[in-house]
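Visitor: Build the 3D model from these lines:
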Amino acid sequence: MTVILASQSPRRQELLRWLIADFDVQPADIDEEVKDQYAPTEYVMEMARQKAAVVADEHPEALVIASDTVVVLDEQILGKPKSRDEGFGMLKRMSGGSHLVYTSVVIRQGGQSAEKLTSATVTFYPLTAEEINRYLDSDDYKDKAGAYGIQNGAGVFVEKIAGDYYSIVGFPVGTVNQMLKEFEY
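Guide: Purely as a prediction, here's the structure:
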């Protein structure tokens with residue numbers, strides 16, 4: 001049985017290896033531009049569904065695992081920053097307050113599918129411009145929802161977390177482990 005992770009994220013690959021030693025990686029080419037017609041939770045679920053569908057259509061017998069993560073502040077999705085300035089603005093807005101992180105997981109195999117939405121609330125300490133710029137200098141913010149990766153340098157921004165830490169990283173490994181029990185692979 002072939003298992004395919006529909007993501008190029010090194011973090012998702014690393015965490016899936018905790019559960020499955022041998023799998024293929026095939027990122028799904030979908031339009032991930034944030035659309036205003038979706039509420040944040042609907043958007044993140046729809047993105048994972050689309051990723052799973054694209055890969056499952058190409059590999060109907062495989063077990064396909066797809067995931068998506070969004071950072072939400074004041075009901076607004078903070079996507080991947082298009083520039084350093086945009087990343088600075090996102091981090092400045094999150095400084096000294098709380099935001100939500102939602103991660104969706106969709107698993108498909110043949111006609112069977114399962115979906116879950118996980119979440120966490122992250123509270124940042126008040127951040128100085130110097131702290132934000134030092135983090136941005138590392139380039140770790142690039143290609144990350146909300147302009148930060150909690151598992152790296154931005155971890156020092158975090159005052160507290162309520163919810164699933166691995167949801168913030170982008171792959172709720174405990175939830176995925178429970179979901180996989182419904183499948184034969």
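Visitor: Quick check: pLDDT value at the residue in the chain sticking out farthest from the centre.
Guide: Computed with C-alpha atoms, centre = their mean, the maximum C-alpha offset from the centroid of the chain is found at residue 130, amounting to 26.8 Å. On pLDDT, residue 130 comes in at 97.
Visitor: So it versus residue 88, what's the distance?
Guide: For residue 130, the distance to residue 88 equals 12 Å [C-beta to C-beta, to the nearest Å]. From N, CA and C alone the C-beta is placed, and that goes for glycine too.
Visitor: again with residue 142
Guide: 13 Å.
Visitor: what do you get for residue 126?
Guide: 15 Å.
Visitor: the more surrounded of those two?
Guide: residue 88 (18 against 10; other C-beta atoms under 10 Å).
Visitor: Strands of the protein, residue ranges please.
Guide: Remark: strands assigned in the chain by DSSP state E are 3-5, 24-25, 63-73, 76-78, 98-109, 112-124, 158-163.
Visitor: And the last one, what's buried?
Guide: Neighbour-count burial for strand 158-163, counted by 16 or more other C-beta atoms under 10 Å, picks out 161, 163.
Visitor: That strand versus strand 112-124: what angle between them?
Guide: Counting by axes from the mean of the first three to the mean of the last three C-alpha atoms, to 10 degrees, strand 158-163 lies at 150 degrees to strand 112-124.
Visitor: Pairing partners for strand 158-163, with directions?
Guide: strand 112-124 (antiparallel) (DSSP bridges).
Visitor: Contacts for the partner strand, please.
Guide: For strand 112-124, the external contacting residues (C-beta atoms under 8 Å, 6 or more residues apart in numbering) are 41, 44-45, 48-49, 52, 94-107, 150, 157-165, 167-168, 172, 175, 179, 182-183.
Visitor: got a list of what residue 80 touches?
Guide: 142, 143, 144, 145, 147.
Visitor: From those, list the buried ones, please.
Guide: 144, 145, 147.
Visitor: Got the phi and psi for the nearest residue to the first one once chain neighbours are set aside?
Guide: Spatially, and ignoring its direct neighbours in sequence, residue 144 is nearest to residue 80 (6.3 Å; C-beta to C-beta, 6 or more residues apart in numbering). With angles defined as degrees, to the nearest 10, residue 80 sits at phi -80, psi 130.
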